[in-house]
Structure formats: structure tokens, C-alpha cells
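Chemist: Model the following, please.
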Amino acid sequence: MRALTMDLHISRPVKMLIAGFLLILFVAGVWLPMTRKQDGLAARLVAAHREYRGAVTMSAQYRAAAFQQAESGTALQEPIFSYLERVTRDLNLEGKVDSIRPENKTGGDGEPVEAVHVAFKGITLDEFVTFLYHIEVLKREIYIQDISIKKDGQNNLITQMTLLKFD
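Modeler: Numbering: from 1, shown residues only. The predicted model follows:
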């Protein structure tokens, strides 16, 4: 305390007043901002935990819905040939189908595999993409083994592909 007063002779009550003032400065300048920051961090931690629990709940609901959808029969129950005919009919592509020809192939394990050769003439890119979406995304048991896409003179496509069904 002698160093703070620079060798001035200050009375004890003034020294106590200076010490109290320094204590108030410390509390107001350091301790209170730190406690406010801690409270803010605690509130952010609670909010993050609440969002995490929401994400976990949503993930569980998604898994349950996916399992229920898989159990409810979204799997392809009909022959691939019939499904492709129905898709072309639903998408109004009958006039653009050049041919749909089924074929039974033998897989690598000796089991029979359903295969269908599909050819389109004069199909637009948007129609073709919609068709591919219906066969590959909506029914994940179908995949394209071979595909050939050419452009005709009118900015339409001529396509040929071989589709197989997963076992």
C-alpha cells in the first residue's frame, strides 16, 4: 500500500476508501462481465442441447418412417417389365417408346435375373430424366446395366438401355 501512495502519508480511513474503490472497480470491470459471459454461454449450451435432442428425435422419426415404408411394401412386387409399362403409361410416354423387350438372364451366382431392354425415340430430356427418376429413385431395386443416348435432329433423344432388377 505504501507503493500506491507514493510515500505520501495518507490516513487509514482514506486508505480504506481507496481500497474499497479499487474493489468496486474490480467487481464492476472484471467479475460482473465474466459472470454475464458465463450466463450467456450457459444459455447457449442449453439451446444447443435442446437442438441436439430435437435432431436426435427427428433422426429417430426418420428411421422409423423409413423402416415403416420398407415394411409397407414399397418394394417392387411386380415383374420389372410390367412396372416399366405402367411407368411409361403414367408418364404419357407410350408414343415415344420404340420397344420394351423382357429377357431372362443368369446372374453371376447362377440365379435368374429379370432384365428389360427399353428404347425411346423422340423423347425430350425432361421426359427422360423423369422416367429415370421413376425407375431408379422411386424403386431402388432397378438399375441400369447398359445405356446409349443419342441426339436426333430435333433436339430430342434416341435412347436404348438395359434395366435389371436387384435380388
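Chemist: Buried residues, the worst-scoring helix or strand of the chain on mean pLDDT. List them.
Modeler: Least confident helix or strand, the chain: helix 32-71 with a mean of 81, by mean pLDDT, DSSP states H and E. By neighbour count with 16 or more other Cβ atoms under 10 Å, helix 32-71 contains no buried residues. All C-beta atoms are positioned from the backbone trio N, CA, C, and that covers glycine.
Chemist: Can you give the distance of it from its chain's centre?
Modeler: Taking Cα atoms, centre = their mean, to the nearest Å, the mean C-alpha location of helix 32-71 is offset from the chain mean by 18 Å.
Chemist: Residue 37 and residue 43, how far apart?
Modeler: Computed as Cβ to Cβ, to the nearest Å, the residue 37 to residue 43 distance reads 11 Å.
Chemist: Can you give the distance from the longest strand along the chain to the centre of its chain?
Modeler: In the chain, with assignment by DSSP state E, the single longest strand is strand 112-123. Relative to the centre of its chain, strand 112-123 is centred 31 Å away, using Cα atoms, centre = their mean.
Chemist: quick one: pLDDT of residue 12?
Modeler: On the pLDDT scale, residue 12 is placed at 83.
Chemist: do the same with residue 160
Modeler: pLDDT, residue 160: 93.
Chemist: Residue 100 too?
Modeler: Here the pLDDT value assigned to residue 100 is 89.
Chemist: swap in residue 117?
Modeler: At residue 117, pLDDT is 92.
Chemist: which residues does residue 119 contact?
Modeler: 97-100, 158-161 (Cβ atoms under 8 Å, 6 or more residues apart in numbering).
Chemist: Next: residue 114.
Modeler: By Cβ under 8 Å, 6+ apart, residue 114 lies in contact with 79-81, 102, 104-105, 164-165.
Chemist: if we go to 10 Å?
Modeler: By Cβ atoms under 10 Å, 6 or more residues apart in numbering, residue 114 lies in contact with 76, 79-81, 83, 102-105, 141-142, 163-167.
Chemist: Among these, filter down to the buried ones and hand me the ChimeraX syntax, if you would.
Modeler: Of the contacts of residue 114, the buried ones go into a single ChimeraX selection, burial set by 16+ other Cβ under 10 Å:
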select :76,80,81,83,141,142,163,164,165
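Chemist: what inclination does the host helix or strand of residue 84 have with respect to strand 112-123?
Modeler: Assigned by DSSP states H and E, residue 84 belongs to helix 80-90. Compare the direction of helix 80-90 with that of strand 112-123 by axes from the mean of the first three to the mean of the last three Cα atoms, to 10 degrees and you get 20 degrees.
Chemist: Alright, calling it a day.
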